[in-house]
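Asks: got a predicted model here, sequence first, then my questions.
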Amino acid sequence: MHSAAVHQEAAARDGSPMESATAPSDAGDALTATVRGLLPSLTPAAARIASLIVADPAQVARSTISELSALAGTSESSIVRTARALGFAGYPELRLALAASAARQGPKTTLSSGITPQDSAEEVVAKLVHTESQAVLETATQLDPDQLRGAVAAVCGGGQLHIAGVGASGLVAQDLQQKLARIGRPCHAHGDSQSALTSAVLLGPGDVFLVVSHSGESRDVLEPLRRAADEGAATVVITNHPLSTAARLADWVLVSAGRETTFRPGAMASRISQLVVVDCLFVCVAQHTYEMSSRALRLTHQALEGDREH
């Protein structure tokens with residue numbers, strides 16, 4: 001089981017400081033992204049507090065604990081427990097971090113709001129570009145370098161590599177498969193549960209099973225992931241939710257930071273941030289297998305150039 005996810009789960013359950021890449025010393029702009037990713041795994045009371053943080057961190061930073069208690073409809077003790085679960089000593093420290101984050105982000109603009117039926121084409125483009133840019137920046141803050149290094153080491157091994165994802169996540173899985181194939185790392189991408197499961201049960205030590213899942217709760221990939229882990233394969237998960245079932249099952253968890261907006265369901269909102277994670281994984285693998293990767297890229301490029309000449 002992924003150790004970082006275990007620490008986070010324990011923190012959310014008992015209020016102890018969370019050991020993560022976004023500790024209070026560098027929480028900054030990463031804080032709201034972290035809170036958004038943890039939302040589905042929080043208790044109802046903590047989720048109401050977290051929703052207010054995500055919606056308007058500046059307002060929460062201005063609120064006393066009694067004011068936030070009234071806004072969230074929770075007790076003050078719940079606010080303290082939530083602050084500690086996020087890695088802070090208490091609510092005053094959380095307020096300071098939120099104030100610093102709000103100052104860096106500047107005043108909230110209309111670009112941060114959802115798309116409405118009345119928006120012009122220009123406004124739709126501006127809002128979508130803003131949302132996607134934020135997803136990329138927030139993914140950079142969420143992606144744990146230690147987890148990335150572990151995943152890279154696993155992928156660079158010589159065993160079988162299978163990648164699973166369904167729906168929009170399946171497209172991301174195919175993108176990773178295509179990239180790795182171009183640098184000489186044979187792998188297979190599975191877009192349905194049966195294909196993924198029948199491959200997972202044939203894996204063993206030295207092999208790798210990588211899952212792409214925005215929610216980390218899709219039944220189509222959870223059972224194959226469990227079976228691959230049971231067979232001794234290394235497991236890697238790319239997900240938006242670090243406390244999800246898939247994250248708890250995996251050896252290495254790469255956290256993306258896609259956000260949902262109007263007309264943008266989770267599967268669509270996650271794709272850009274997942275592709276950022278895929279590119280980071282791919283480039284690091286190419287670095288660690290530089291000679292093989294360079295040769296493979298050169299040969300495949302020459303082959304494509306020759307094909308175009310005919």
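Replies: Yep, it's here.

Asks: where does this structure have low pLDDT?
Replies: Filtered on pLDDT under 70, the chain yields the residue ranges 1-29, 104-114, 259-269, 307-310.

Asks: quick check: Phe209 is in a helix.
Replies: No - per DSSP: H, G, I helix; E, B strand; the rest coil, Phe209 lies outside any helix segment and is strand.

Asks: wait, it sits on Thr235?
Replies: Yes - counting by CB atoms under 8 Å, a contact exists between Phe209 and Thr235, whose distance comes to 5.3 Å. For the C-beta atoms, the positions are set from N, CA and C on the backbone; glycine is no exception.

Asks: and these two? which has more neighbours close in?
Replies: Neighbours per residue (other CB atoms under 10 Å) separate Phe209 from Thr235, with Phe209 holding more: 30 against 26.

Asks: how near is the more buried one to Val35?
Replies: Using CB to CB, to the nearest Å, one gets 29 Å for the distance from Phe209 to Val35.

Asks: same thing with Gly159?
Replies: Relative to Val35, and taking CB to CB, Gly159 is found at 37 Å.

Asks: what do you get for His241?
Replies: With CB to CB as the criterion, His241 and Val35 are 12 Å apart.

Asks: also Thr43?
Replies: Going from Thr43 to Val35 by CB to CB gives 14 Å.

Asks: then Pro57?
Replies: Relative to Val35, and taking CB to CB, Pro57 is found at 9 Å.

Asks: just the terminal-to-terminal distance for stretch 158-168.
Replies: End-to-end distance of stretch 158-168: 28 Å, with CA to CA, to the nearest Å as the criterion.

Asks: would you indicate which residues of it are buried?
Replies: Neighbour-count burial for stretch 158-168, counted by 16 or more other CB atoms under 10 Å, picks out Gln160, Leu161, His162, Ile163, Ala164, Gly165, Val166, Gly167, Ala168.

Asks: out of those residues, the closest to Gln287 would be?
Replies: Within the set of the buried residues of stretch 158-168, Leu161 lies nearest Gln287; the separation is 17.2 Å, counting by CB to CB.

Asks: got the phi/psi numbers for the closest one?
Replies: Main-chain torsions, Leu161, degrees, to the nearest 10: phi -130, psi 120.

Asks: what sits against the spatially closest residue to it that is not a sequence neighbour?
Replies: The spatially closest residue to Leu161, leaving aside those adjacent along the chain, is Cys187, at 3.9 Å (CB to CB, 6 or more residues apart in numbering). Listed by CB atoms under 8 Å, 6 or more residues apart in numbering, the contact set of Cys187 reads Gln160, Leu161, His162, Ile163, Leu176, Gln177, Leu180, Ala181.

Asks: which parts of the stretch 101-250 of the chain are helices?
Replies: Chain-ordered helices for the stretch 101-250 of the chain, with DSSP state H, counting those that start in this stretch as the definition, fall at 121-142, 145-155, 168-182, 193-200, 219-230, 245-249.

Asks: make sure Ala97 is actually in contact with Phe88.
Replies: Yes - the criterion here is CB under 8 Å, and Ala97 meets it with Phe88 at 6.9 Å.

Asks: what's the burial count for Thr82?
Replies: For Thr82, the count of nearby residues is 28 (other CB under 10 Å).

Asks: ditto for Asp144
Replies: Neighbours of Asp144 using other CB under 10 Å come to 18.

Asks: got it, and Ser120?
Replies: For Ser120, the neighbour count with other CB under 10 Å is 8.

Asks: cool, and the one 10 residues further on?
Replies: Residues lying near His130 (other CB under 10 Å) number 16.

Asks: now it: how far from Glu123?
Replies: For His130, the distance to Glu123 (CB to CB) stands at 10 Å.

Asks: repeat that for Ser101.
Replies: In this structure, Ser101 and Glu123 are separated by 26 Å, where distance is defined by CB to CB.

Asks: those two: which is more packed in?
Replies: More neighbours surround Ser101 than the other of Ser101 and Glu123, with 20 against 15 (other CB under 10 Å).

Asks: that one reaches Thr34, doesn't it?
Replies: No - contact status for Ser101 versus Thr34: not in contact, 10.7 Å apart, counting by CB under 8 Å.

Asks: quickly list the domain ranges of the chain.
Replies: Here the domain assignment for the chain is 3-108, 142-303, based on automatic domain parsing.

Asks: need the winner for burial among the ones you listed.
Replies: Mean neighbours per residue, mean count of other CB atoms under 10 Å, is largest over the domains of the chain for domain 142-303, with a mean of 20.

Asks: start and end of that one, how far apart?
Replies: Note: domain 142-303 ends 38 Å apart using CA to CA.

Asks: chain center to it, what's the gap?
Replies: Per CA atoms, centre = their mean, to the nearest Å, the displacement of domain 142-303 from the mean C-alpha position of its chain is 12 Å.

Asks: with stretch 75-90 instead?
Replies: The offset between the C-alpha centroid of stretch 75-90 and the centroid of the whole chain comes to 23 Å, using CA atoms, centre = their mean.
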